[in-house]
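Chemist: whatever this is, show me its structure:
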Amino acid sequence: MTGTEDNRYAEFDGLIARHRKLIERLCMWWASGESNLSADYLQECYMSLWEHRDTLRPGSTERQEASWVVLHCRSAVEHYRRRVSVVSFLPIDEGLIETLSDPASAPYADDEGYLDSLAQGLTRRERQAFRLMAKGYSNRELAEEMGIKSHSARQLRHLIIKKIRNNHIKQK
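Modeler: From the prediction side, this is the model:
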């Protein structure tokens with residue numbers, strides 16, 4: 001190793017030493033206390049910080065460093081979550097997910113028991129939207145029925161689908 005490489009490793013080690021507790025607390029918080037998931041997040045954070053170490057301005061204050069660390073750790077965790085959430089092991093009727101995602105699909109409003117089991121963990125407002133989604137309401141119709149903006153209806157639809165998928169992963 002050359003002297004320059006030694007300096008880069010030493011600088012990185014110093015950065016990690018200064019912000020280790022912050023990074024570990026953030027990862028544990030983002031993982032909702034799950035130690036295995038927290039360890040995955042921690043690894044992703046360290047790799048991201050290493051990859052982006054050249055973007056930290058020399059002479060930054062400790063507070064500026066902390067902001068930079070949080071920004072890159074948050075980004076790394078979000079990328080990790082997106083990668084992991086693509087894989088689905090859910091015993092969910094994909095026809096329902098299509099209906100919820102695409103209102104032009106066939107409605108599922110008749111199967112009350114199935115819909116109730118899927119709606120567990122949703123707020124009252126989300127359950128109301130979920131029922132309308134299962135009937136095939138479009139984002140515009142959902143927004144009109146619930147008295148919200150179309151953009152908010154689209155976000156609500158996405159949130160509900162995500163919650164349903166996550167609930168079934170936890171149940172499995």
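
Chemist: quick one: the helices in the protein, in order.
Modeler: For the chain, applying DSSP state H gives helices covering 3-30, 35-51, 62-85, 94-101, 112-118, 124-134, 139-146, 150-171.

Chemist: deepest-packed of these, please.
Modeler: Of all the helices of the chain, helix 124-134 has the most neighbours on average by mean count of other Cβ atoms under 10 Å, namely a mean of 18. Using the backbone N, CA and C atoms, a C-beta is placed for each residue, glycine as well.

Chemist: if we can go back for a sec, tabulate the helices of the chain (a markdown table), appending mean pLDDT.
Modeler: A markdown table is the format used below for the helices of the chain (pLDDT from 0 to 100):
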| stretch | mean pLDDT |
| --- | --- |
| helix 3-30 | 87 |
| helix 35-51 | 90 |
| helix 62-85 | 86 |
| helix 94-101 | 54 |
| helix 112-118 | 67 |
| helix 124-134 | 85 |
| helix 139-146 | 88 |
| helix 150-171 | 77 |
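
Chemist: name the nearest residue to residue 149, ignoring sequence neighbours.
Modeler: In space, and not counting its chain neighbours, residue 149 is closest to residue 143: 5.9 Å by Cβ to Cβ, 6 or more residues apart in numbering.

Chemist: what about that neighbour, distance to residue 24?
Modeler: Here the distance between residue 143 and residue 24 works out to 42 Å (Cβ to Cβ, to the nearest Å).

Chemist: kindly report the same for residue 18.
Modeler: Looking at residue 18 against residue 24, where the rule is Cβ to Cβ, the gap reads 13 Å.

Chemist: and if you look at residue 135?
Modeler: Using Cβ to Cβ, residue 135 is found at 46 Å from residue 24.

Chemist: and if you look at residue 43?
Modeler: 12 Å.

Chemist: again with residue 41
Modeler: 10 Å.

Chemist: can you list the domains in the protein?
Modeler: 3-85, 94-171 (automatic domain parsing).

Chemist: quick one: contacts for the closest residue to residue 73 other than its chain neighbours?
Modeler: Nearest non-adjacent residue to residue 73, counting by Cβ to Cβ, 6+ apart: residue 45, 4.1 Å away. Residue 45 is in contact with 23, 26, 27, 72, 73, 76, 77, counting by Cβ atoms under 8 Å, 6 or more residues apart in numbering.

Chemist: which among these gets closest to residue 36?
Modeler: Proximity of the contacts of residue 45 to residue 36 (Cβ to Cβ) peaks at residue 27, which lies at 11.3 Å.

Chemist: for the closest one, what are its contacts?
Modeler: If you count contacts by Cβ under 8 Å, 6+ apart, residue 27 has them with 38, 39, 41, 42, 45, 73, 77.
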